[in-house]
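K.L.:
sequence and predicted structure are below.
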Amino acid sequence: MELKISGCYPTNARREQEQWLDALKEADIDLANARERFNQATQPELIEQCVFEINALMARQAYFWRMIRENYSEGGECL
């Protein structure tokens, strides 16, 4: 999944914005891997562990999206 943000934001915030996008991409990969482990798990303890991991990764994604929106909404000069 390729994420691009266009629009106006401060030049010094561009690097921070890109860092949040990189972190979000990494969380997406981790979530896909966790879901694959869930699909392959057969023991109840492993299934439960996968559920906790998936929930934690979804919370991490929500945090990254929130930070991206907050940084983007600060406005600034157009690139």
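P.N.:
Perfect, I can see it now.
K.L.:
any buried residues in whatever helix or strand residue 55 lives in, and which?
P.N.:
Element membership for residue 55 (DSSP states H and E) is helix 44-72. For helix 44-72, the neighbour count (16 or more other CB atoms under 10 Å) marks 50, 53-54, 57, 60-61, 64, 67-68, 71-72 as buried. Backbone N, C-alpha and C define where each C-beta goes, glycine included.
K.L.:
got TSV for these, with pLDDT and distance to residue 32 too?
P.N.:
TSV is the format used below for the buried residues of helix 44-72 (pLDDT from 0 to 100; distance: CB to CB, whole Å):
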residue	pLDDT	distance to residue 32
50	96	12
53	97	12
54	97	10
57	97	9
60	96	13
61	95	11
64	91	15
67	88	21
68	85	19
71	77	25
72	73	25
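K.L.:
residue 24: which of those residues is nearest?
P.N.:
residue 64 (4.2 Å; CB to CB).
K.L.:
excluding sequence neighbours, find me the nearest residue to that closest one.
P.N.:
Spatially, and ignoring its direct neighbours in sequence, residue 64 is nearest to residue 24 (4.2 Å; CB to CB, 6 or more residues apart in numbering).
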